[in-house]
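>>> How does the following fold in three dimensions:
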Amino acid sequence: MPVIRKIVWLILIFYFSGCTNSLENNDSNNPIIENIYFNYDGNESRVYISCDLFNSPNNIDDYSIVFELHQSSETLLQNSLVRQFEVSNGSIISYWGSFDLEVESNKLYFLKVYFLDESGITISSSRSSSKLLGNSAPEIISVNVPLSFSLDPTDWQNLIIKLFYCDTDGWDDLIQAEYYVKRNWSCLDGSSPVIDSDYNQFSSSQLFQMAINSSNINSSDCTYELNAILQMRPLDGSALIENGEEIIPESQYGCGMVGETLFKFIIRDSKGQSSTIDNIKMVITE
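Residues are numbered from 1 along each chain as shown. Here you go, the predicted structure:
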């Protein structure tokens, strides 16, 4: 069985060569619970749970995240999640946890998640969609792609994109992880437009593979990280030269492309089970 490479530098020959439903109304400044994820490891009889809190308050340690795991109307498990890491100066905080529980196969489960203040009053809440537990298929949890990326006038730059997934059969059960792009690009002056009608890999598919983060393969919470390094062509369209050798030729259009890019990610395990996420938008600017 092939194994995803642990180290990869991806060169793109061209130009930059689960769900949640709100339970409460939230304005744009209130804390919002999103990216609720849960899965079940039948070998260990453990449920893995995570979520992200957006617009978190400054005094975050005075608050708590509490979840309820439901089968139909019955609450099977209730507990708190522990804060794990912060992003963007604390505006986004991720919570993770794993808990012992025996679940029934072929039964639907869902999560309710609550953000509480120090008095136990609910500030925000959300719930996941329902799904079967005990399924060992891989599942994409989230992706990390910037909303925008600015090209340098003359220098090539590296852009790292990341994907986080769970596979209860282990990281090495994954045999394929790749991404596709859908471009709406042009030169800065609007010339030489490139508009894709669908997602594609516009050069060798080997260049669109993602690699496992080898420091993460002993994850205790069923979450693994994949990444890819995109080499972003400068605005002047120049070739990539390393140690006097031309690695990527000069752009045939004489420019580095700007515009909208949509990403699509697909992962697949050794049993042919897969998970897909698309419509991940990034805008390339000057």
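>>> all helices of the chain, in order?
Under the criterion DSSP state H, the chain carries no helices.
>>> I'd say S94 and Q84 touch.
Yes: using CB atoms under 8 Å, S94 makes contact with Q84 at a distance of 5.1 Å. Yep, even glycine has a C-beta here, placed from its N, CA and C like the rest.
>>> more crowded one of these two?
S94 (17 against 13; other CB atoms under 10 Å).
>>> quick one: contacts for the most centrally placed residue in the chain?
In the chain, the residue lying closest to the centroid (CA atoms, centre = their mean) is V143, at 1.2 Å. Counting by CB atoms under 8 Å, 6 or more residues apart in numbering, V143 touches 161-164, 263, 265, 277, 280.
>>> What pLDDT does the model give it?
If you check V143, the pLDDT there is 94.
>>> Please report how far F202 lies from I60.
43 Å (CB to CB, to the nearest Å).
>>> what sits against the residue nearest to Q273 when sequence neighbours are not counted?
Leaving aside its sequence neighbours, Q273 sits nearest to A137 (CB to CB, 6 or more residues apart in numbering; 3.7 Å). Contacts for A137 were tallied using CB under 8 Å, 6+ apart; they are 167, 269, 271, 273-275.
>>> Residue ranges of each domain in the chain, please.
Here the domain parsing of the chain from automatic domain parsing is 20-128, 139-285.
>>> Those domains: lowest mean pLDDT?
Lowest mean pLDDT within the domains of the chain: domain 20-128, at a mean of 83.
>>> for V145, what are its contacts?
161, 263, 280, 282.
>>> Please give me every residue in contact with the second one.
Just to be clear, that refers to F263. 143, 145, 161, 179-182, 278, 280-282.
>>> State the distance from it to I33.
Separation of F263 from I33 (CB to CB) stands at 24 Å.
>>> so of the contacts of A137, which ones are in strands?
Among the contacts of A137, the residues falling in strands (DSSP state E) are 269, 274-275.
>>> In the stretch 151-286 of the chain, mark out all the strands, start to finish.
157-166, 174-186, 194-195, 211-212, 223-232, 240-242, 245-248, 258-269, 274-285 (DSSP state E, counting those that start in this stretch).
>>> just the stretch 1-150 of the chain next, same as before
Going by DSSP E, counting those that start in this stretch, the stretch 1-150 of the chain shows strands at 20-22, 32-41, 46-54, 64-71, 74-87, 92-100, 108-116, 122-128, 131-132, 139-144, 148-150.
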